[in-house]
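>>> Can you look at this prediction? I've put the sequence above it.
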Amino acid sequence: MLDVIQGLESFLAWPTPLFMALGVLLGMLFGFLPGLGGVQALALATPLTFGMLPNQAMAMLIGIMGAVPFGGSISAILINTPGTPQNAATTFDGYPLARQGKAGLALGASASASVLGAIVGALVLVALMPLGRQIVLAFSYPEYFMLAVMGLSVIAVVSQGSMWKGLAAGLFGLLICMIGYDPVTGAVRYTFGLDYLYDGIKLVPALIGLFAISEALELMLKNKSFGGDEKISSTGGLGEGIMSVFHNFWLFLRCSVLGFIVGVIPGVGGSVSNFVAYGHAVQTTTKNPHFGQGDIRGVIAPQSSDTAKDGGAMVPTIVFGIPGSVETAVLLGALILHGLQPGPKLMLEEPAIVYVMVYALVASNILAGLLGLFGAKYLARLTDMPSALLAPVIFSLAIMGAYATEGILGDVFVALVFGVLGYCMREFGFNRVPMVIALVLGAMLQQTYHQTIMSMGAQGFFVRPISLGLFAITVLMLIIPVIKNRRAREGGIPA
Amino acid sequence: MITKSGRLILLACIMLSLALLSGCSGAGDNQGAEDTGKKTAGAGSVDFPARDITFIVPVSPGGGFDTYARLLAGYWPKYLPKQVHVIVKNVPGGEWNVGIGETNRAKPDGYTVCIFNIPANVLNQLLGADYDLAKMTWIGRITDTVYVGALSPKSKFKTFEDMKKGGEVIVGTVGLSSGAGLGALIAFQEMGIKAKFIPHEGSSEAIMAAVRGDVDYVQYPYPSLREFITDSKQLNPVVVYYSERYGELTDVPTIKELGYGQLLDTVNLEYLVAGPPGIPDDVAEILRDSFQKAVNDPEFIDKMEKAGQPPHPATAEEAAQTIQSSLKAYEKYKELVLEQRK
Amino acid sequence: MKLKGSGWFELVIIAFSAVLLVMSTSYNEKARLFPMILSMVMIAVMGLIFLQESVPAAGRYLGFVKESGLFASRKPANGKVDGEGEDEGEQTQNAAVRHSEVFRLLRFILWLLGCIILLKFVTYLMIMPVFLLLFTKVEARQSWRNAAGVAAGMGVFNYLLFSVLLGSRL
């Protein structure tokens, strides 16, 4: 109990809150700009923290991390371009809302979903911390494999359009994961002699390409314009938006928990959680669903899971030093640089700093939400910009984003390739979502499969309770809706 | 048509202007750096360093190599004839090959140095990298570190003897072409213990597997295992690869005591620093000299100890020798490794 | 051969998968398992899709390929769904438009490639504004004033954010 209070004191000790605020500004900026995201912001801000005390450094970095999801939702809603890959699902309903003149509604919902989602994530994190070790240890190769399978089966849920094309997209994503050196099978695959490919296709540049560059290509080639669309600039309805989360409280809560869980899985983060949450919302909404046409629940679901996932990602990061998401991977580096070794030692010797991080996680979202809401009107003016100008800017940001992460030009090239690929996929009816999920989960799927077979044999998947349970859930997840559909069709009710 | 004397005069003019130019630029550069007045012997004639030095770290930020390099970079300037900055540049990729490659191609003027992971980089070279460690301009060793072998508390083996007696030991590694992995492979072969190796994505994952009990045994440098051995009892140390009982691990038998002292040649990890091949002797001497002073700086030692690794430095000659003997020692394992790689 | 754009795309992917399949045979047992299976299934799936779309004779039997996902929601109004390409009727009409679109796409790719290559030699602080200025003027067909504004704005932004605030060395 004392630690909680001590943590609060440390957090409020000036100038720590100032650093957090700076982080929030940075996070919102990077989140908002397509092509730049949390990873870049964290990577670039880490050297800045060298001279700071650990508390201040963490406050700033978490400030960044917490503000990114909401910042990204702003551009998702206003200009139909996700600010970061984890806001992709927010465009599905956020932008339609904006076109109906309800941008304020969407922004308000996003703000409160983000803040409340962060709070849920933080509460669950604090509650589970003592058990964190047990939880992470309970998951071994078969369990991770089943998790990957479950994640991939979500593809079936969120696939819009032809299922076969969605399947193809997912397969392609999995194949891409096979590129590079794989320690588990000990082989170097598909590098075509290039040193750069030795490390495989990195997720961040690929996502920048798939979402930002392909978007800009779309803008250029289709000459779309949002400029002059009066409706989008209106930002009334903020209050109503904020309250909408409470009207849909259970959905919000479920999505937050879902986001937290996805965050706990090492290496799986926002890019998957927002789709999983959206899919869940689609699956479980019975009252007047109009997803894809401005259903506010389509904004609440992904945003709340995005911020809750940050809380979840902290679990493996702090307890074992294994990053829960791409952002926490960078955070981990910063932790170590400041002499904070993740692990049981951290919880025992410096619990206060863990609480500082938790407070920063919540506070950053509150601050970001406030800033966003007050600035909504001005931000909405952005939509007046002709798309012809917007596209070059997005190209430029995307290039900078891919380049700034590690300073490697190969990354920018990968982004370009995936940008063209993403554009082609959209043109020809292939959904990008399955590919994203596959890119994130592919490596885990393959490695844990081989590891299970090597150490436990094929039975390993089915004799262990958690693994078996996950398998059962996956099967149910896929079968139940099919049964429902059949019944509905037989009953003469349109599916 | 220039006469012979004309050509001589022209030549003289060119040489004179070149000399003037270099003199001028030298003076210009000096304006940026402080003169501490501390000149090492033999450095009187060469003007080094005249600008910041780049310290390449071929891995991403965070982690042992990056941390120690940054610590060193903080103290090195103190002992250079002019206090320029030593700036760490992370060049990750290709498992050290990209960063080392960049170092190898850099101008050998003393303004680029790099940290090396021995014997892992030796392995890289044997597997076909395009640099030659033996040719690098070795500057010194920051420290070596001690390998520790630990058993999972969930394993049916409790001591080293148990492992030797029989049954298959399941070992967690990051692939057998990694330094630690190969070390474990060699060690188990020498000791005649039957082992099955389960590969993982990284050392953290392999160690976690041992904590969970999915594998019996892991073998890693002490700093990686410390939190699991001393801070909490999540793993049980059973052997330490050192010539005598090490630090806090007073109860843990050494590899020598167990009768396999020869493994000390292959199961080790050294943090060496070098510049590209062909750095002129006088510049190299400045670097070596200042390096030795920096790694023996009491504040540096203190910070390293706090980071969990009390430094055990060595000179440039010793470093070069290590490279030679490592290359030789691992040559015979090349086949073994290539086999695993395929 | 009169193929829809999507037909070409699918063929390219099939070819790529075939290459991956062939290459996978040279890897060790464990390493080839996933790549082999994945590429084989990929060729099969893409093959079916290709046949259904571009070979009318086969298309009749392969109607199931066009089926929506198990839980497809209704078509979203913002046209953002990656699920809907153009249907047959519109296709032939826009054939001419498509052609120029492909060329424009290729040009954009070249612009971006050029930018990337130049970044290798010159700092991003100079390349990005130049790229923006030229690209906005030429491809986005904006006035010099607009282009210069964007270029200058981004240039200053890049400088302030990356160099000054974040002190990064790119």
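Ah, there it is.
>>> From here on, just use CA atoms for contacts and neighbour counts.
Will do.
>>> Show residues contacting the one helix or strand residue A:45 maps to.
Per DSSP states H and E, residue A:45 falls inside helix A:38-45. Helix A:38-45 is touched from outside by A:26-27, A:30-31, A:61, A:64-65, A:68, A:84, A:326-327, A:330-331, A:401, A:404-405, C:166, C:168, with contacts defined as Cα atoms under 8 Å, 6 or more residues apart in numbering or on different chains.
>>> relative to helix A:38-45, how tilted is the following helix or strand past it?
Later in the chain than helix A:38-45, the nearest helix or strand by DSSP H and E is helix A:54-79. On the basis of axes from the mean of the first three to the mean of the last three Cα atoms, to 10 degrees, helix A:54-79 is oriented at 140 degrees to helix A:38-45.
>>> So which elements touch helix A:54-79?
If you count contacts as 3 or more Cα pairs under 8 Å, 6 or more residues apart in numbering or on different chains; DSSP states H and E, helix A:54-79 packs onto helix A:2-12, helix A:16-32, helix A:38-45, helix A:88-99, helix A:103-138, helix A:297-320, helix A:326-337, helix A:351-380.
>>> OK, contacts around the closest residue to residue A:239 other than its chain neighbours?
Spatial nearest neighbour of residue A:239, chain neighbours left out: residue A:108 (6.5 Å); criterion: Cα to Cα, 6 or more residues apart in numbering or on different chains. Contact analysis of residue A:108 by Cα under 8 Å, 6+ apart lists A:237, A:238, A:239, A:240, A:241, A:242, A:373.
>>> got it, and residue B:145?
Residue B:145 touches B:221, B:222, B:268, B:269, B:270, B:309, counting by Cα under 8 Å, 6+ apart.
>>> just for the chain, where's the confidence low?
No chain was given, so I picked chain A. Low-confidence segments of chain A (pLDDT under 70): A:1, A:157-161, A:223-235, A:344, A:382-384, A:481, A:485, A:489, A:491-495.
>>> hm, I was asking about chain C
In chain C, residues with pLDDT under 70: C:1-2, C:58-97, C:165-170.
>>> Over in it, which residue gets nearest chain B? Let me know.
Using Cα to the nearest Cα, residue C:28 is the residue of chain C that sits closest to chain B, at 5.9 Å.
>>> surely residue B:183 meets residue B:269?
No. Contact between residue B:183 and residue B:269 fails when scored by Cα atoms under 8 Å: they sit 9.9 Å apart.
>>> More neighbours: the two, which one.
Using other Cα atoms under 10 Å in any protein chain shown as the criterion, residue B:183 and residue B:269 rank with residue B:183 on top: 25 against 20.
>>> And that one, which helix or strand is it part of?
In this structure, residue B:183 sits in helix B:179-191 according to DSSP H and E.
>>> same for that helix, what does it pack against?
So helix B:179-191, by 3+ Cα pairs under 8 Å, 6+ apart, packs with strand B:217-221.
>>> is chain A contacted by the helix or strand containing residue C:52?
Secondary structure assigned from DSSP H and E places residue C:52 in helix C:29-54. Yes. Residues of helix C:29-54 contacting chain A under Cα under 8 Å from any Cα of the partner chain: C:30, C:31, C:34, C:35, C:38, C:39, C:42, C:45, C:46, C:49.
>>> same thing with stretch B:100-116?
No. Applying Cα under 8 Å from any Cα, one finds stretch B:100-116 separated from chain A by no less than 10.7 Å.
>>> Point me to the helix or strand that includes residue C:141.
Residue-wise, residue C:141 maps onto no helix or strand under DSSP H and E.
>>> wait, does stretch A:331-347 contact chain B?
Yes. Using Cα under 8 Å from any Cα as the criterion, contacts between stretch A:331-347 and chain B involve A:332, A:333, A:334, A:336, A:337, A:339, A:343, A:344, A:345.
>>> can you redo these as JSON lines with neighbour count?
Supplementary listing: those in JSON lines, determined by neighbours: other Cα atoms under 10 Å in any protein chain shown:
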{"residue": "A:332", "neighbour count": "25"}
{"residue": "A:333", "neighbour count": "22"}
{"residue": "A:334", "neighbour count": "26"}
{"residue": "A:336", "neighbour count": "18"}
{"residue": "A:337", "neighbour count": "23"}
{"residue": "A:339", "neighbour count": "14"}
{"residue": "A:343", "neighbour count": "20"}
{"residue": "A:344", "neighbour count": "19"}
{"residue": "A:345", "neighbour count": "17"}
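>>> So what's the residue count around the nearest residue to residue B:229 once chain neighbours are set aside?
Leaving aside its sequence neighbours, residue B:229 sits nearest to residue B:235 (Cα to Cα, 6+ apart; 5.3 Å). Neighbours of residue B:235 under the rule other Cα under 10 Å: 27.
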